[in-house]
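> I would like to see how this sequence folds:
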Amino acid sequence: MKRSTRRLASLASAVAMAFTLAAGTAGADPATPTKIAAPGMRLQFEKGKCTLGAVGTDAGGRKVGITAGHCNPWEIGKGVAEATHTTTNDDGQRVWDWRDKESGPIGWIRYISADSRPTAQWPAEASGEANIQKTLPLDYMVIEFAPHIQLSSQVMTAPTYEFEADGVTPFSTDEFLPSATHGSVVTPSVPWFKINTNLTGSSGQLVAPGTFAQLCQVGSYTTQANAQAGQPQSQLNRCGTVTHELSGVSYGNIKNRAGDSGGPLVGRLEPHKWAGIVSGQGPTVLGYQYYYNSAKIILQDMNSKPDGFTGKGFQLTNN
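Numbers count the residues shown, from 1 in each chain. Now for the predicted structure:
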């Protein structure tokens, strides 16, 4: 998969792990201990790490997670091609909790979006330069979790880790470093806030965050950096204002960094409202911007799929 814009999926290497399941099911050994999947947690793919943006169930009762599509390790054999729905559990589709890869996958990639929206362009009044930049791609991934995974709407703070003697940090994006790039826990995670409802308008319809909206992102690398600085609930480098919205993509000064991709975008004063996911950053006609796919365009696209599509009818977990 090739993207023309700069993407934020971290490039940390992953070591392949053997794990056999019946094709077409997200099965698990009955003795497998329960694990929790919640927004803001860091995910490990066959190659690279990203952040989980939302969890819930679909019309078929499947346990589903949403993150950024560009996190797809597409170059791995048996990876998922864009716009292809799969129900197999092949090697290239495996997803782990980054801190516990040894316990086996927590889920599998089921779908990577491809942009089928009509091409839209910046309005002249936004920059004085009409018709020179198209919209950024629709950018989401659907993950189906294994049956033993418990979904939670509770966002946790990042734990604080000891720094290792060699200087490796728990938010390193160096592709040559091992997956478990952290020392022992100094300060454990604590409950922070819940993400349990969608951002909607006055009549209950899904809306994309508009211009001047005050939002925060909860990417796992930014929150980890804040935790390491002793401020696990800080808004430093993760909150800001939407300066422009175009075709369901929000642009602004809401900073993000490598590894935050797919992480939740929420209301600054109403963090329980899910507004979208981290997509990337880069130069635009409005200057250097950070951008986010809205929950609106993601859910609309998922719900346009045929019956049986993993993620169709997605409802956020509220517990």
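
> run through the stretch 1-150 of the chain and note the low-pLDDT ranges.
1-33, 115-136 (pLDDT under 70).

> where along it do the helices fall?
According to DSSP state H, counting those that start in this stretch, the stretch 1-150 of the chain carries its helices in the segments 124-127.

> hey, where'd the strands end up in it?
35-37, 42-44, 49-51, 54-57, 63-67, 94-97, 107-112, 141-145, 149-151 (DSSP state E, counting those that start in this stretch).

> same for the longest one, what does it pack against?
In this structure, strand 107-112 makes packing contacts with strand 94-97, strand 141-145, judged by 3 or more C-beta pairs under 8 Å, 6 or more residues apart in numbering; DSSP states H and E. Where C-beta positions appear, they are placed from N, C-alpha and C, glycine not excepted.

> ranking the strands of the stretch 1-150 of the chain by burial, who's on top?
Ranked by mean neighbour count, the strands of the stretch 1-150 of the chain are led by strand 49-51 with a mean of 30 (mean count of other C-beta atoms under 10 Å).

> give the pairing partners of it; include direction for each.
strand 42-44 (antiparallel) (DSSP bridges).

> neighbours around Asp100, how many?
12 (other C-beta atoms under 10 Å).

> identify the residue nearest it in space, chain neighbours excluded?
Leaving aside its chain neighbours, Asp100 sits nearest to Lys35 (7.4 Å; criterion: C-beta to C-beta, 6 or more residues apart in numbering).

> let's have the strands of the stretch 1-150 of the chain in JSON lines, adding distance to Val242.
As requested, these are exported to JSON lines (distance: least, C-beta to C-beta, whole Å):
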{"stretch": "strand 35-37", "distance to Val242": "28"}
{"stretch": "strand 42-44", "distance to Val242": "25"}
{"stretch": "strand 49-51", "distance to Val242": "20"}
{"stretch": "strand 54-57", "distance to Val242": "19"}
{"stretch": "strand 63-67", "distance to Val242": "20"}
{"stretch": "strand 94-97", "distance to Val242": "30"}
{"stretch": "strand 107-112", "distance to Val242": "26"}
{"stretch": "strand 141-145", "distance to Val242": "23"}
{"stretch": "strand 149-151", "distance to Val242": "28"}
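
> ok, which of the ones you listed comes nearest Phe314?
When these are compared by C-beta to C-beta, strand 54-57 sits nearest Phe314, at 5.2 Å.

> ok, and what's touching that closest one?
The contact list for strand 54-57, computed with C-beta atoms under 8 Å, 6 or more residues apart in numbering, reads 37-39, 63-66, 145, 151-153, 195, 264, 274, 277, 295, 314-317.

> would you indicate which residues of stretch 296-309 are buried?
296-299, 301-302, 309 (16 or more other C-beta atoms under 10 Å).

> got the end-to-end distance for it?
18 Å (C-alpha to C-alpha, to the nearest Å).

> got the contact list for that stretch?
Contacts of stretch 296-309 (C-beta under 8 Å, 6+ apart): 59-60, 66, 85, 111, 113, 116-117, 138, 140, 142, 198-199, 206-208, 247-249, 276-277, 311-314.

> can I take it that Asn226 is in a helix?
Yes: Asn226 forms part of a helix when assessed by DSSP: H, G, I helix; E, B strand; the rest coil.

> what is the neighbour count of the nearest residue to it once chain neighbours are set aside?
In space, and not counting its chain neighbours, Asn226 is closest to Ser234: 4.4 Å by C-beta to C-beta, 6+ apart. Each residue near Ser234 was counted by other C-beta under 10 Å, and the total is 16.

> doesn't Ser234 belong to a helix?
No: assessed by three-state DSSP, Ser234 does not belong to a helix; its assignment is coil.

> that one contacts Gln228, correct?
No: assessed by C-beta atoms under 8 Å, Ser234 is found out of contact with Gln228, at 11.0 Å.

> just the buried subset of the contacts of stretch 296-309, written out for ChimeraX, thanks.
Command for ChimeraX that selects the buried part of these, burial taken from 16+ other C-beta under 10 Å:
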select :66,85,111,113,138,140,142,198,199,206,207,208,247,248,249,276,277,311,312,313,314
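
> not counting sequence-adjacent ones, nearest residue to the spatially most central residue of the chain?
For the chain, Gly262 is the residue whose C-alpha lies nearest the centre (C-alpha atoms, centre = their mean; 1.9 Å). Nearest residue to Gly262, sequence neighbours excluded (C-beta to C-beta, 6+ apart): Thr67, at 3.0 Å.

> double-check the one you found against Asp139; I have them as touching.
No: Thr67 lies out of contact with Asp139 (C-beta under 8 Å); the separation is 9.7 Å.
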